[in-house]
Structures are given as C-alpha cells and as structure tokens.
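Peer 1: Task: produce atomic coordinates for the following.
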Amino acid sequence: MSLVVHGATLSGLAAGARLAKLGHDVELVTEGASLGGRWAATEGPGGHLVDALPQLVSLPATWRDVFKKSGGHLVTELNRAGLALVEAPAVEHRFPDGSTLELPAERGAQFHAISHRFGTPAAERWRDLIDDLDAVWAARRAFGIDGPGLPLERTGRQQLWLDRTLSGLGDRLDHPQLSVLVTDLGPMLGTHSPSAPALLAATHAIDRTFGRWQLVDEDGRGQRASRLVELLADRVIERGVSVVNHSATPTSIDCRPRTTRSLLRPAPRRTLRPAISHALRDDDGILALRTTVEHTPTGPVTTWLRPVADALMATTHDHRRGTPDPDWGLAPDSGRAWLRRTPIVGDLLAASACSPAGNEPWAELASAALAVYELHERLTGEDCRPTNRHFRGSTLEQRS
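Peer 2: Numbers count the residues shown, from 1 in each chain. All right, here's what the predicted structure looks like:
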C-alpha cells in the first residue's frame with residue numbers, strides 16, 4: 001500500500017522524497033497545485049520566471065539535509081544545474097530619518113558596521129542581544145526543529161522568550177534604528193500585533209550563526225531561490241513518487257497548511273502575506289543579488305535585485321499591507337498564538353507552514369523531516385533520526 005503525502009507544498013516535496021528514499025511507495029497528492037505550492041515559480045515581467053520566496057537562503061543545512069536524505073548531495077545537484085550556493089552580500093537597511101546601515105551576517109563584521117555607523121555602545125548592545133538570542137535559538141531547535149513538540153512547562157516557554165515581546169527587545173536596544181531591525185521582524189514574519197513574541201528575533205541569531213546565502217550561476221549572477229524548489233521537485237520524480245491530483249487512500253502525512261480547532265479557544269489568525277510584486281529595472285552591471293529593506297513608519301518593504309538577460313528583476317515584499325492567507329501559515333501574534341500551532345505528531349502527522357518550526361522555507365523542510373521520522377518508526381520500528389547513530393539505512397530500502 002502506498003503512503004500518501006497530501007499537499008504540493010515544500011513540506012510535501014520534502015516528505016515525499018525522504019519517504020521514497022527509505023523504501024516506501026509514496027503518492028503525493030497535489031489537488032492540482034504546482035509542485036512547491038506557494039513557492040513555485042510563475043511567469044513574470046518580460047517572460048522571466050519569478051517567485052514569492054525570500055531570495056536570500058537561510059539555514060542552508062536544511063536544504064543539504066533533505067537532498068542527502070533523499071538520495072544525493074545538494075552540491076552535486078547544484079553543479080549539475082550550473083549553480084552554486086554562496087554567501088550573500090550585506091543587507092542594506094534604510095530608515096525613516098534617511099540614515100542607512102549595511103548589515104553583514106558575521107558577528108565581528110556586524111559589530112564593526114554598527115560601531116562605524118552608530119557608535120560602539122550601540123554595537124555592544126546589539127551584540128549582547130544577539131548573544132542572548134543564541135540561547136533562544138537553541139531552545140527553539142528543541143521544539144519543532146530537532147524535536148516535534150511544543151513546550152508544555154513554563155520553563156520551556158520562558159526559554160523561548162514567549163513571555164517577552166519584540167517591542168520589549170526594541171526598548172532594550174535603546175536605539176531608534178537598531179530597535180526597528182527587531183520590531184520589523186513582526187510584519188516580516190506575518191503579524192502587526194504589538195504582542196508579537198520575542199522568539200521571532202531568533203531570526204537574527206540564525207543569520208549570524210549560519211549566514212545568508214544566495215544562488216548564483218557559473219558566471220556569479222544571482223538566481224531566483226525557487227530553483228532550489230525545482231531541484232527538490234525533480235528529486236521527488238527521480239525517487240519514483242507518484243504525483244496525483246487525488247487519492248482514495250488515507251493520508252499518512254498532511255502537508256497542507258491547516259490548523260487544529262478547539263471549542264475552548266479561537267483558531268489562530270492566518271499569517272499576513274505581503275503584497276508581492278515584480279518589475280524590470282535597468283541593468284547596472286552588478287551580478288550579485290542585492291537586498292534592501294526600507295523601514296517605513298507603517299512597516300518594512302524588502303526588495304531583492306537580481307540580473308536577468310539585459311535587465312534587473314526587482315522582487316518586492318511589501319509588509320505594510322499584508323493579506324491573511326491560509327497558505328502562509330499561522331500568524332505569530334503572541335506567545336499564546338505560537339503555542340496553538342498545529343502539532344507535527346498526533347493521530348495524523350502534519351508538516352506545513354502551520355507547524356511549530358514556523359512558516360519560513362527552512363522551517364517547512366525541518367517539520368517534514370520530523371514527520372517522516374515518526375511515520376517510518378511507526379510503520380517499521382526503525383529509528384531513522386540523525387540522533388540514532390546505529391541507523392545504516394532502512395530495511396525496506398535494502399529489499400527494494
């Protein structure tokens with residue numbers, strides 16, 4: 001009997017490819033959606049392909065892991081496609097008072113950039129905050145990334161800073177520009193709530209620890225991030241996953257962005273999808289992907305520029321006027337809202353933008369991995385998690 005992964009989302013692709021490599025027969029039910037779901041490429045200005053993805057790649061280890069655990073290394077697939085994953089340039093931040101900051105990812109480079117622009121005391125406060133957020137990131141890994149659960153005890157919630165807010169962290173920095181770098185993470189992650197939890201600021205710790213990355217071709221020209229999604233979709237087909245619109249077989253892993261409902265409390269609100277636009281601009285000869293964040297009084301506007309033919313493609317995410325969208329997951333309006341995210345492990349396994357890991361691309365990949373580990377163990381008794389150093393491959397795979 002085939003296992004059914006329901007949803008053409010990034011989580012669905014990752015789950016299908018992993019299960020097939022473990023030796024299972026897999027059906028991926030798309031309901032007519034494009035492989036990759038909301039991250040799939042579409043035709044844009046000038047006939048060029050565009051996508052809704054953030055063009056900078058965070059936590060590339062999640063991409064490397066899904067390719068390795070589905071049959072081959074990411075670098076091999078990138079080489080075959082004439083691509084490479086390289087470190088991205090610093091992000092340019094523009095503030096309402098006209099000041100700017102080019103913020104690199106590396107710890108020492110950040111300190112130098114902030115110190116040069118805003119003074120050493122400001123740089124020290126920023127460094128100390130991100131140092132503290134390293135511990136928050138470590139706690140977050142335990143809930144939804146390395147492990148499938150949510151914190152049940154008060155101590156766990158405190159370690160995740162779910163009892164604090166982004167605005168409170170902004171006050172701690174005591175600096176108008178640096179504070180905005182923290183508070184604007186709320187809209188960028190789908191909420192304008194003043195109670196957005198401080199956990200969201202772990203994004204800065206992730207960037208500082210793992211860097212920011214971009215796809216480039218053999219000439220060093222920045223490429224759209226959805227090419228990674230297309231490589232994963234190719235892997236799904238290569239592994240023999242049957243892609244169907246519908247299936248009568250019960251779902252094994254639900255990779256559609258759905259929420260759990262309760263009679264005792266309201267369902268969490270949907271994430272605010274930014275207004276996404278694409279436009280061609282005059283080519284200026286620069287090959288690398290460039291990222292600019294305009295911090296306005298009503299929210300941030302992020303623009304990525306990448307070369308296409310004889311022009312530049314500008315992809316813009318305008319977070320000033322977001323629209324609730326079920327495909328983008330659940331809004332992180334507060335610590336309590338975060339705790340109402342859809343569990344990965346339950347009677348029905350679920351992995352999507354609504355999972356505890358979050359709704360970023362890397363988070364969808366992480367939640368899919370956890371669902372696959374649990375399902376494979378339920379079916380075979382084998383623990384294929386990375387923590388099991390004795391696992392040397394599924395017996396199903398060895399028999400196939």
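
Peer 1: Please name the residues that touch Ala81.
Peer 2: Residues in contact with Ala81, defined by CB atoms under 8 Å, 6 or more residues apart in numbering, are Arg227, Leu231. Glycine gets a C-beta too; all of them are placed from N, C-alpha and C.

Peer 1: Distance-wise, check Val57 relative to Ala84.
Peer 2: Using CB to CB, to the nearest Å, we find Val57 at a distance of 12 Å from Ala84.

Peer 1: Next, show the common contact partners of these two.
Peer 2: Leu215.

Peer 1: Those two: which has the busier surroundings?
Peer 2: For Val57 versus Ala84, the count of surrounding residues by other CB atoms under 10 Å is larger for Val57: 23 against 16.

Peer 1: Tell me what the closest residue to the more buried one other than its chain neighbours is bridged to.
Peer 2: Once its chain neighbours are removed from consideration, Val57 has its nearest residue in Trp213; the separation is 4.2 Å (CB to CB, 6 or more residues apart in numbering). Trp213 has the following beta-bridge partners by DSSP bridges: Val57, Glu87.

Peer 1: Test my guess that Trp213 contacts Leu83.
Peer 2: No: assessed by CB atoms under 8 Å, Trp213 is found out of contact with Leu83, at 11.7 Å.

Peer 1: residues making contact with stretch 365-385?
Peer 2: Applying CB under 8 Å, 6+ apart, the external contacts of stretch 365-385 come out as 3, 10-12, 14-15, 18-19, 22, 24, 62-63, 65-66, 69, 144-145, 147-148, 252-253, 255, 344-345, 349-352, 355-357, 391, 394-396.

Peer 1: next SSE after the lengthiest helix in the chain?
Peer 2: Once the chain is assigned using DSSP state H, the helix that runs over the most residues is helix 120-142. Stepping forward along the backbone from helix 120-142, the first helix or strand reached (DSSP states H and E) is helix 154-159.

Peer 1: Report the buried residues of that next one.
Peer 2: Within helix 154-159, the residues scored as buried using 16 or more other CB atoms under 10 Å are Arg157, Gln159.

Peer 1: could you check the angle helix 120-142 makes with the helix or strand just after that helix?
Peer 2: Sequence-wise, the next helix or strand downstream of helix 154-159 (DSSP H and E) is helix 166-173. The directions of helix 166-173 and helix 120-142 differ by 150 degrees, with axes from the mean of the first three to the mean of the last three CA atoms, to 10 degrees as the criterion.

Peer 1: host element of His24?
Peer 2: With secondary structure defined by DSSP H and E, His24 is part of neither a helix nor a strand.

Peer 1: what do you get for Ala14?
Peer 2: According to DSSP H and E, Ala14 maps onto helix 10-21.

Peer 1: Now for Leu348: which residues touch it?
Peer 2: By CB under 8 Å, 6+ apart, the residues touching Leu348 are Thr251, Asp254.

Peer 1: Point out where the stretch 1-150 of the chain drops to low pLDDT.
Peer 2: For the stretch 1-150 of the chain, the stretches with pLDDT under 70 are 1.

Peer 1: nearest spatial neighbour of the residue nearest in space to the middle of the chain, skipping sequence neighbours?
Peer 2: Relative to the mean C-alpha position of the chain, the nearest C-alpha, by CA atoms, centre = their mean, is the one of Glu360, at 2.2 Å. Closest residue to Glu360 apart from its sequence neighbours, by CB to CB, 6+ apart: Ser58 at 6.6 Å.

Peer 1: which SS class is Val216?
Peer 2: strand (DSSP: H, G, I helix; E, B strand; the rest coil).

Peer 1: Please tell me how far it sits from Ala17.
Peer 2: Remark: distance between Val216 and Ala17 (CB to CB) = 24 Å.

Peer 1: do the same with Gln177
Peer 2: Distance of Gln177 to Ala17, given as CB to CB: 42 Å.

Peer 1: between those two, who's got more neighbours?
Peer 2: The neighbour count for Gln177 versus Ala17, taken as other CB under 10 Å, is higher for Ala17 (29 against 20).

Peer 1: Verify the contact between the more buried one and Arg239 for me.
Peer 2: Yes: using CB under 8 Å, Ala17 makes contact with Arg239 at a distance of 5.5 Å.

Peer 1: between those two, what contacts are shared?
Peer 2: Counting by CB under 8 Å, 6+ apart, the residues touching both Ala17 and Arg239 are Ser70, Gly71.
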